[in-house]
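Student: Just the structure for this:
(one chain, ligands or ions: 1)
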Amino acid sequence: MDVELSQEQQAFAQLAREFAQGELAPHAARWDQECIFPVDAFRRAGELGFCGLYAPAEMGGLGLSRLDASIVFEELAAVDPSTTAFLTIHNMAVWMVGTWGSPKLLEQWGEALAGGNKLASYCLTEPGAGSDAASLKTSAQKQGDFYLLNGAKAFISGAGETELLVVMARTGAAGAGGISAFAVPADLPGISYGRKELKMGWNSQSTRAITFDNVEVPAHCLLAKEGEGFKLAMKGLVGGRINIATCSVGAAQGAMNVAREYMRGRKQFNKDLTQFQALQFKYADMATQVVAARQMVRLAACKLDADSSDATVYSAMAKRFATDAGFSVCLDAQQLLGGYGYLKDYPLERLVRDTRVHQILEGTNEIMRVIIAQQLLERGLILE
Ligand SMILES: CC(C)(COP(=O)(O)OP(=O)(O)OC[C@H]1O[C@@H](n2cnc3c(N)ncnc32)[C@H](O)[C@@H]1OP(=O)(O)O)[C@@H](O)C(=O)NCCC(=O)NCCSC(=O)CCS(=O)O
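Tutor: Residues are numbered from 1 along each chain as shown. So this is what the prediction gives:
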């Protein structure tokens, strides 16, 4: 792994920084406050290729590496982790469609998804199947040239606003091997959406439950083959977890930037806050945490780019470490601003609220520990 970014990567970072300053920063607080899902911003992100960053070029994606994608997402998340996190979920779903979709499916959806003109949700979790994802009950029964989809999904980001749903459903026996994945048009008859969940953060993206009642899904919407859906879902999440970890790193860096400006301009006891050693030490620890998290995220991204057999465990480690570090750094930055950090005049309370969920979703950090421990202790994986 190169420690320095290449010129091309620096250019991507600069482009993303400009997009973040121009298109996200001026609106992020209002989108959060008014719970607005910024479809137009996603469309403009799509114009730059940000809706299909690592999607195959054949479907109109940029076909970049996970490391390159992480560099872009980090810049966006520094000002708006909630909107960026949805963008990462869309990218994950688009990559799954692009990698395992049938030619007919790609003809219908490929360019629109990669270009951001249509958005996608990832639908694995169910009311009764969260951490134990392989116990999911939503069923898809083959009937001629379509599958009859029945069941319910929960905690689906973008649901009710997105046009395509990547749905994991049971086509066979109990357990992981009986699950298949489908790309389901979100407006098919029989699909209904629950209320917009009321959340602590991530307010610029809607979260809803989805119910499927005898939905006729055309057979060409199956991704890969029957019975492979759980593995596809997990492969999607290996990258998704790196993305969520990236959003935490970006948010933490954004929080540190705000805190530094504040500390430079704020005097107490006739000194700038930057001159108090207790605060200097806190800031130094925050910076150390962010750099360590960023390096873990980039290492995991490189492992995935290299298709390394230990990518799953590095992704789990990066997600566990970076999302814990990111939340803690945002909290510390909020503390550095004293009472002002608690006000909505500054973005810190939003960054704290938005990064909290990163420790919970796309696999809780407890499940990340399960994955790490299984690989190291049961399967004897040696990390070098
Ligand atoms: C807890 C889990 C990690 C594991 O579950 P299981 O113990 O039930 O499954 P396994 O026996 O480990 O695996 C079954 C099967 O799948 C293969 N597998 C597992 N991981 C991978 C992988 N990374 N890549 C490829 N294949 C994989 C494994 O080899 C087995 O196959 P064989 O039998 O060997 O052939 C899992 O249930 C888990 O991750 N749980 C957490 C679920 C989760 O993250 N949910 C979040 C959903 S998204 C969300 O939060 C909403 C936000 S949003 O995106 O809108």
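Student: residues in contact with the residue of the chain positioned farthest from its centre?
Tutor: For the chain, the residue at maximal distance from the C-alpha centroid (CA atoms, centre = their mean) is N270, at 43.7 Å. By CB atoms under 8 Å, 6 or more residues apart in numbering, the contact set of N270 is empty. For every residue, glycine as well, the C-beta is placed using N, CA and C.
Student: Give me the phi and psi for it.
Tutor: Backbone torsions of N270, given as degrees, to the nearest 10, read phi 70, psi 20.
Student: Can you say which helix or strand has R320 in it?
Tutor: helix 311-336 (DSSP states H and E).
Student: Okay, angle between the helix or strand just after that helix and helix 311-336 too, please.
Tutor: Elements were assigned by DSSP H and E; along the chain past helix 311-336, the next helix or strand is helix 348-356. Relative orientation of helix 348-356 versus helix 311-336 (axes from the mean of the first three to the mean of the last three CA atoms, to 10 degrees): 160 degrees.
Student: Just the C-alpha atoms of the helix or strand following helix 348-356, please, in PDB.
Tutor: Tracing the chain past helix 348-356, the next element assigned as helix or strand by DSSP H and E is helix 365-373. Only the C-alpha atoms of helix 365-373 are listed here, as PDB (Å, rounded to 0.1, in the frame of the first residue of the first chain):
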ATOM      1  CA  ASN A 365     -19.400  -3.500  16.100                       C
ATOM      2  CA  GLU A 366     -20.100  -6.500  18.200                       C
ATOM      3  CA  ILE A 367     -20.700  -8.500  15.000                       C
ATOM      4  CA  MET A 368     -17.400  -7.100  13.700                       C
ATOM      5  CA  ARG A 369     -15.700  -8.600  16.700                       C
ATOM      6  CA  VAL A 370     -17.400 -12.000  16.000                       C
ATOM      7  CA  ILE A 371     -16.200 -11.900  12.400                       C
ATOM      8  CA  ILE A 372     -12.600 -11.100  13.500                       C
ATOM      9  CA  ALA A 373     -12.500 -13.700  16.300                       C
END
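Student: And for the closest residue to the ligand within the stretch 251-384 of the chain, the neighbour number?
Tutor: Residue nearest to the ligand within the stretch 251-384 of the chain: G363 (3.1 Å; CB to the nearest ligand atom). Neighbourhood size, G363 [other CB atoms under 10 Å]: 24.
Student: Tell me the secondary structure of the closest residue in space to T274 that isn't next to it in sequence, please.
Tutor: In space, T274 comes closest to M263 once its chain neighbours are excluded; the distance is 4.8 Å by CB to CB, 6 or more residues apart in numbering. Using DSSP: H, G, I helix; E, B strand; the rest coil, the structure places M263 in helix.
Student: what number of residues lie near M263?
Tutor: Neighbour tally, M263, other CB under 10 Å: 19.
Student: can you list the residues of the stretch 251-384 of the chain near the ligand?
Tutor: When proximity is defined as CB under 6 Å from any ligand atom, the stretch 251-384 of the chain approaches the ligand at 312, 361-363, 367, 370-371.
Student: if you set the cut-off to 8 Å instead, what comes out?
Tutor: 311-312, 315, 360-364, 367, 370-371, 374 (CB under 8 Å from any ligand atom).
Student: Out of the residues you listed, who's the most crowded?
Tutor: Highest neighbour count within these: S315, with 32 neighbours (other CB under 10 Å).
Student: That residue touches N243, doesn't it?
Tutor: No: the pair S315 / N243 is not scored as a contact, 9.7 Å apart, by CB atoms under 8 Å.
Student: related to what we said a few turns ago, and the gap between the residue of the stretch 251-384 of the chain closest to the ligand and V370?
Tutor: Look at G363 and V370: by CB to CB, to the nearest Å, they are 9 Å apart.
Student: Setting aside sequence neighbours, what's the nearest residue to Y193?
Tutor: Here the nearest residue to Y193 in space, its sequence neighbours aside, is G160; by CB to CB, 6+ apart that works out to 4.2 Å.
Student: Let me know the secondary structure of V184.
Tutor: Going by three-state DSSP: V184 is strand.
Student: beta partners of it?
Tutor: Beta-bridge partners recorded for V184 (DSSP bridges): L165.
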